[in-house]
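J.: Next input, structure requested:
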Amino acid sequence: MTDPQMPYRKPARSPSRRTAGPRRDSTRSTRARRARRLPEKASRPGETQRSGRTSDSRARRRSRAQPTPVWPPPSGRMPPLPRAPRPVLYGIRLLVLGIGVAAIAGTLLSVLTPADTKLGELSTSQTASRTESVIMAKSRSLAQSDLSLTQAMTPLKAQISELLELTPGLTPLVYFLDLDTGKYVDLAGQQAAPAASTIKLPILVAFFQEVDAGRIPIEQTLVMQADQVAGGSGDMQGQPPGTQYTALEVATQMIVNSDNTATNMMIDLLGGPEALNQKFTSWGLSSTLIRSPLPDLEGTNTTSAQDLVKVISWLHRGELLSLRSRDRALTILQRTYNKGLIPSGIETEAVIYNKTGDIAAVLADVALVDLPNGKRYALATLVQRPDNDGRAGELIRRISQTVAQEMNKAVTPVLPPSGAVEEAPPGESLPLEEATLEEIAPETPETAAEF
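T.: This next block holds a predicted model:
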């Protein structure tokens, strides 16, 4: 028993208990084993929290036990990387090279594109201005030049005059030009007469001049107005106002179908009659004038046979248009529907570009003819007649037939003399000697078989 007189003392803890290492280790290991089992069997919140704390403490102990890696290593040497296969290395190098080249090319394009655009615009404007200046220079030269005439074809003129005597009451105006030799026939060819639809030929050339100058694109949209609709020839008059066409379609219909509505649209597009008349004068056309819109049944619009031959011969030679526009214009003229006048009088196969005109007071046709023998000529006939006289058409066909027969005559070949060429003394000529066919080309069995 304890003495009541003695104060109470708390018993000191045994030192063996404080230093009991193995017992503490066993306790800790027991707790660790218990902590590993608790997550599967825990059913109380207290036990779960305890297991979490035990896991945290274990993680801390492991982190203290494992040293933190240091990068780069204190020694300064990098650990070797795994070596990739050679195909992979080559592919990576090519990829890097391609990216670099693409970046450089993109930079160059971004720098050079504005300059190239400005250069393209400048070159386009310079080309248009140069083309316009060339056309103006050609127009001035045409106004001062002639058709390069050489001599009149008197026999052909006499044959045509005989045809005119067979048709009293008709007043034909005829102009013919051999485009290769410059020989011509002029029967009142400079006299002004009602143009009818032949006025559309110089209008077509004026349109393509504006195209060459860059002022009118051929795909420009034109809207048909009510005041442009005209009767007579053509199908566009059947369309309602507001119908849209391209400029090339309008020009084509003006010639191929001789459309009067298309002609009025083209006159307005080119600036009106005054602007066109000034252009015709600058070309050197003295009788070609537009005074009224089509169909002009009164015949106030005028031209002459010589003016029409001038326009179509200049067109053929490319003296008014660029080669591309000249080809387009000739293609349109070749497609003309009406082939019953000058083309009808040509018996041989020929390439013909023509434009007709027909009102009560006059029947006309102008054509560029390319014969199979290679000869080319221009022919224009305007026959003034009393009120749709049908003899005018037959007269034009007979004139065309006469001209074609004259141009289709065979050319007599000139055979060169056999042997060496002997030179004559100055001022003297060599005597002509007759030679038979055998002397020029002796007959042999081979040549005899060929004949």
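J.: in what helix or strand does V185 lie?
T.: strand 184-187 (DSSP states H and E).
J.: can you map out the strands along this structure?
T.: 171-178, 184-187, 193-194, 221-223, 244-246, 302-303, 351-358, 362-370, 376-384 (DSSP state E).
J.: For the third one, what does the pLDDT average out to?
T.: For strand 193-194, the mean pLDDT works out to 97.
J.: hmm, who's touching it?
T.: 173, 296, 299-305, 359, 361-362, 364, 382, 384 (Cβ atoms under 8 Å, 6 or more residues apart in numbering). The way it works is simple: take the backbone N, C-alpha and C, and place the C-beta from them, glycine included.
J.: go on, the first one?
T.: Residues outside strand 171-178 that contact it (Cβ under 8 Å, 6+ apart) are 147, 149, 153, 156, 160, 164, 183-189, 191, 193, 304-306, 308-309, 313, 375-385, 395, 399, 403, 407.
J.: and what of stretch 95-108?
T.: Under Cβ under 8 Å, 6+ apart, the answer for stretch 95-108 is an empty list.
J.: can you offset everything so residue one is 55?
T.: Yes, from this point I'll number from 55; that puts the last item at stretch 149-162.
J.: Tabulate the CA atom coordinates of it in CSV.
T.: These are the backbone C-alpha positions of stretch 149-162, laid out as CSV (Å, rounded to 0.1, in the frame of the first residue of the first chain):
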residue,chain,number,x,y,z
LEU,A,149,11.0,17.6,-94.3
VAL,A,150,13.1,20.4,-92.7
LEU,A,151,14.6,21.3,-96.1
GLY,A,152,11.1,21.4,-97.7
ILE,A,153,9.7,23.7,-95.0
GLY,A,154,12.7,26.0,-95.4
VAL,A,155,12.3,26.2,-99.2
ALA,A,156,8.6,26.8,-98.9
ALA,A,157,9.1,29.6,-96.5
ILE,A,158,11.7,31.3,-98.7
ALA,A,159,9.5,30.9,-101.8
GLY,A,160,6.5,32.4,-100.0
THR,A,161,8.5,35.4,-98.8
LEU,A,162,9.7,36.0,-102.3
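J.: So which bits of it are buried?
T.: Residues of stretch 149-162 include none that count as buried (16 or more other Cβ atoms under 10 Å).
J.: Ok, which of the strands of the chain comes nearest I396?
T.: strand 416-424 (4.2 Å; Cβ to Cβ).
J.: Sheet partners, orientation included, of that closest one?
T.: On the basis of DSSP bridges, the sheet neighbours of strand 416-424 come out as strand 405-412 (antiparallel), strand 430-438 (antiparallel).
J.: What average pLDDT does the last one get?
T.: If I follow you right, that is strand 430-438. Throughout strand 430-438, pLDDT has a mean value of 97.
J.: what about dumping the CA coordinates of that strand to CSV?
T.: C-alpha atoms of strand 430-438 as CSV (Å, rounded to 0.1, in the frame of the first residue of the first chain):
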residue,chain,number,x,y,z
ARG,A,430,-8.1,37.3,-155.1
TYR,A,431,-10.2,40.3,-155.9
ALA,A,432,-12.7,42.7,-154.4
LEU,A,433,-15.9,43.6,-156.2
ALA,A,434,-18.7,46.0,-155.3
THR,A,435,-21.9,46.7,-157.2
LEU,A,436,-24.7,49.1,-156.4
VAL,A,437,-27.6,49.0,-158.8
GLN,A,438,-30.0,51.9,-158.5
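J.: gap between A329 and G338?
T.: 17 Å (Cβ to Cβ, to the nearest Å).
J.: Looking at the two, which has the bigger crowd around it?
T.: G338 (18 against 13; other Cβ atoms under 10 Å).
J.: thought that one was touching Q360?
T.: No: contact criterion Cβ atoms under 8 Å: G338 and Q360 do not qualify, at 10.4 Å.
J.: any weak-confidence spans in this protein?
T.: 55-138, 165-200, 464-505 (pLDDT under 70).
J.: one step back: and of the strands of the chain, who's closest to D313?
T.: Per Cβ to Cβ, nearest to D313 of those: strand 298-300, 10.4 Å.
J.: Could you count how many residues lie near the residue nearest to A301 when sequence neighbours are not counted?
T.: Excluding the flanking residues, the one nearest A301 by Cβ to Cβ, 6 or more residues apart in numbering is Q274, at 4.5 Å. For Q274, the neighbour count with other Cβ under 10 Å is 14.
J.: likewise T354?
T.: 12.
J.: how about it, phi and psi?
T.: phi -80, psi -30 (degrees, to the nearest 10).
J.: I'd assumed S346 was in contact with it.
T.: Yes: using Cβ under 8 Å, T354 is in contact with S346, at 4.6 Å.
J.: Same question for stretch 359-379: list its buried residues.
T.: Buried residues in stretch 359-379 (16+ other Cβ under 10 Å): 359-370, 373-376, 379.
J.: Run a quick neighbour tally on E352.
T.: 12.
J.: ignore the last one, L276
T.: For L276, using other Cβ under 10 Å, the count is 21.
J.: how near is S376 to D266?
T.: 5 Å.
J.: before we move on, what about L203?
T.: Going from L203 to D266 by Cβ to Cβ gives 28 Å.
J.: And those two? Which one has more around it.
T.: Neighbour comparison, L203 and D266: the larger count goes to D266, with 20 against 13 (by other Cβ under 10 Å).
J.: wouldn't that one be in contact with S379 here?
T.: Yes: counting by Cβ under 8 Å, D266 touches S379, with 5.4 Å between them.
J.: Now for G286: which residues touch it?
T.: Per Cβ under 8 Å, 6+ apart, neighbours of G286: N314, L348, P349, L351.
J.: neighbours of the closest residue to V310 other than its chain neighbours, just the number please.
T.: In space, and not counting its chain neighbours, V310 is closest to R389: 4.8 Å by Cβ to Cβ, 6+ apart. By other Cβ under 10 Å, 12 other residues sit near R389.
J.: Going through the contacts of strand 247-248, which ones are buried?
T.: Buried among those by 16+ other Cβ under 10 Å: 227, 350, 353, 355-359, 413, 415-416, 418, 436, 438.
J.: What's the ChimeraX line that selects buried ones from the contacts of strand 225-232?
T.: Only the buried entries of the contacts of strand 225-232 go into this ChimeraX selection, using 16+ other Cβ under 10 Å:
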select :201,207,210,214,218,237,238,239,240,241,242,243,247,358,359,360,362,363,367,429,430,431,432,433,434,435,436,437,438,439,449,453,457,461
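J.: Show me the chain divided up by domain.
T.: 145-199, 202-461 (automatic domain parsing).
J.: Can you give me the distance of L163 to A157?
T.: Taking Cβ to Cβ, one finds L163 at 11 Å from A157.
J.: check contacts around L395.
T.: Contacts of L395 (Cβ under 8 Å, 6+ apart): N408, T410, L417, D419, T435, G447, I450, R451, S454.
J.: Right, I'll leave it there.
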